[in-house]
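In: here are the coordinates; sequence isn't available:
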């Protein structure tokens, strides 16, 4: 907790400096609505930073349900605040409305974690606030160096992310910027709501398993990594099977023909492939960062820099030749290179153990998903008429539902144990195993 409490003061300093820089760079004043929005957003950041130590503690204790409840409620209140302020048509600038909605999000995070640990968890105040004079000298120097290393890698990732926006601004047309922003915001909903929390939770699980001296540590780590990769592959394969053939229909239904008939539907189809490599990279890198030693993490910065340079060059080349689709392809190639590096590390880590195999990570039912993907693509080409959309969409949608139900049935039959670990289906539908268990298998 001592190192966790270093986050708020450091974050507040950075937030204050960033806000001051924006005021100076833009020449803002406190009466300017944009300046007021910056100040309110800065306050929201401080609220989130004050909740960060308890968030770190909850991750270390694997309180996954707590995070799910708090972040779901925070997202809900942010959306409700935005909808109410826009719906009431209050005399308020848009910058301030979005800043207030972000403040509602930060306040909910702050309240949720603090109320839980102060009210419902039997922790002494000295455990949550280790600031006594006799405890100040008990810092773990090795842990502090590891924190500095992870902070440096986080800065590199942030620069990489912002570098993509720089490429967009400098080399992409306004149309490509709009298409990529639209697709990225829509497709990243799955990443933010499913894969990012899962990645952080698996990192905590891997780190806890790797820290012990149990002789079965490698076996437990191999089993956890296999299940984690199998799960993200399964979710990613579902998006790959149904995403490209229904991207146009989704955009047409939600945003209308203006967006669906452009490049957005094609870009969203490619984004479905990007989702699976993004998820695989997140899980594999979480394992590397959890089990790697300090010198291994230091050496990992070198390939990261090389991959970043390749990524920037690919961004510039592909955004000029293929627009928003090219940018998605560059991101996908960047993730694939990172997966190859993490895969090499994982293979080396388990070289003397049979507890992990990449082949075991491939989920059962991938063949039926491949068949469903081909079927739905053919269905879109044959049945879906964009000029007569509503009448032909029903046929295309029915074929997709049939393929999805068949895939779900086959996947659950073969991956019943993995799915039941995540969702206690047996408690909800006790008779479902009797339906899918046609015969017992000796294996």
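Out: Structure's in. What do you need? The structure displayed is predicted, hence computed values, not measured ones. Residues are numbered from 1 along each chain as shown.

In: show me where the stretch 251-400 of the chain has helices.
Out: 257-260, 264-291, 294-349, 366-382, 389-414 (DSSP state H, counting those that start in this stretch).

In: of those, which is nearest residue 56?
Out: For residue 56, the closest of the helices of the stretch 251-400 of the chain is helix 264-291, at 14.7 Å, according to CB to CB. Glycine gets a C-beta too; all of them are placed from N, C-alpha and C.

In: re earlier: Serialize the helices of the stretch 251-400 of the chain to a markdown table and add fields for mean pLDDT, mean neighbour count and distance to residue 187.
Out: Formatted as a markdown table, the helices of the stretch 251-400 of the chain follow (pLDDT from 0 to 100; neighbours: other CB atoms under 10 Å; distance: least, CB to CB, whole Å):
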| stretch | mean pLDDT | mean neighbour count | distance to residue 187 |
| --- | --- | --- | --- |
| helix 257-260 | 86 | 15 | 14 |
| helix 264-291 | 90 | 23 | 4 |
| helix 294-349 | 87 | 17 | 9 |
| helix 366-382 | 94 | 17 | 17 |
| helix 389-414 | 93 | 16 | 18 |
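
In: in a markdown table: the ones you listed, plus distance to residue 244.
Out: Output for the helices of the stretch 251-400 of the chain, formatted as a markdown table (distance: least, CB to CB, whole Å):
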| stretch | distance to residue 244 |
| --- | --- |
| helix 257-260 | 14 |
| helix 264-291 | 4 |
| helix 294-349 | 12 |
| helix 366-382 | 7 |
| helix 389-414 | 12 |
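
In: looking at those helices, which is nearest to residue 46?
Out: helix 264-291 (27.3 Å).

In: next, the angle from that closest one to helix 294-349.
Out: 110 degrees (axes from the mean of the first three to the mean of the last three CA atoms, to 10 degrees).

In: looking at the helices of the stretch 251-400 of the chain, which is nearest to residue 49?
Out: Residue 49 lies closest to helix 264-291 among the helices of the stretch 251-400 of the chain, at 22.1 Å (CB to CB).

In: which other helices and strands contact the closest one?
Out: Where contact means 3 or more CB pairs under 8 Å, 6 or more residues apart in numbering; DSSP states H and E, helix 264-291 is packed against helix 174-190, helix 196-211, helix 217-255, helix 294-349.

In: buried residues in the second one, which are they?
Out: Applying a neighbour-count criterion of 16 or more other CB atoms under 10 Å, the buried positions in helix 196-211 are 198, 199, 200, 201, 202, 203, 204, 205, 206, 207, 209, 210.

In: looking at the helices of the stretch 251-400 of the chain, spot the one closest to residue 188.
Out: helix 264-291 (8.6 Å).

In: give me the distance between the two termini of stretch 27-40.
Out: The separation between the terminal residues of stretch 27-40, taken as CA to CA, to the nearest Å, is 17 Å.

In: same deal with stretch 55-72?
Out: 14 Å.

In: now do that stretch: everything it contacts.
Out: 1, 4, 7, 108-109, 112-113, 116-117, 128, 197, 200-201, 204-205, 208 (CB atoms under 8 Å, 6 or more residues apart in numbering).

In: could you check how far the closest residue to residue 241 other than its chain neighbours is from residue 274?
Out: The shortest distance from residue 241 to any non-neighbouring residue, by CB to CB, 6 or more residues apart in numbering, is to residue 373 (3.8 Å). Distance from residue 373 to residue 274, counting by CB to CB, to the nearest Å: 16 Å.

In: repeat for residue 381
Out: Distance, residue 381 to residue 274, using CB to CB: 23 Å.

In: could you do residue 247 as well?
Out: Relative to residue 274, and taking CB to CB, residue 247 is found at 12 Å.

In: any idea how far the nearest residue to residue 323 once chain neighbours are set aside is from residue 305?
Out: Distances taken as CB to CB, 6+ apart put residue 176 closest to residue 323, at 4.3 Å, once the chain neighbours are dropped. Distance of residue 176 to residue 305, given as CB to CB: 27 Å.

In: so which residues of the stretch 1-150 of the chain form helices?
Out: So, for the stretch 1-150 of the chain - with DSSP H, counting those that start in this stretch - the helices run 7-26, 33-60, 64-87, 94-115, 125-128, 141-171.

In: reformat these as JSON lines; add mean pLDDT and mean neighbour count.
Out: Converted to JSON lines, the helices of the stretch 1-150 of the chain look like this (pLDDT from 0 to 100; neighbours: other CB atoms under 10 Å):
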{"stretch": "helix 7-26", "mean pLDDT": "90", "mean neighbour count": "13"}
{"stretch": "helix 33-60", "mean pLDDT": "90", "mean neighbour count": "19"}
{"stretch": "helix 64-87", "mean pLDDT": "86", "mean neighbour count": "15"}
{"stretch": "helix 94-115", "mean pLDDT": "91", "mean neighbour count": "19"}
{"stretch": "helix 125-128", "mean pLDDT": "67", "mean neighbour count": "12"}
{"stretch": "helix 141-171", "mean pLDDT": "71", "mean neighbour count": "13"}
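
In: tell me the centre residue of the protein?
Out: In the chain, the residue lying closest to the centroid (CA atoms, centre = their mean) is residue 196, at 2.6 Å.

In: does residue 372 touch residue 242 like I think?
Out: Yes - contact criterion CB atoms under 8 Å: residue 372 and residue 242 qualify, at 7.0 Å.

In: overlap in contacts, these two.
Out: Contacts common to residue 372 and residue 242, judged by CB under 8 Å, 6+ apart, are 403, 404.
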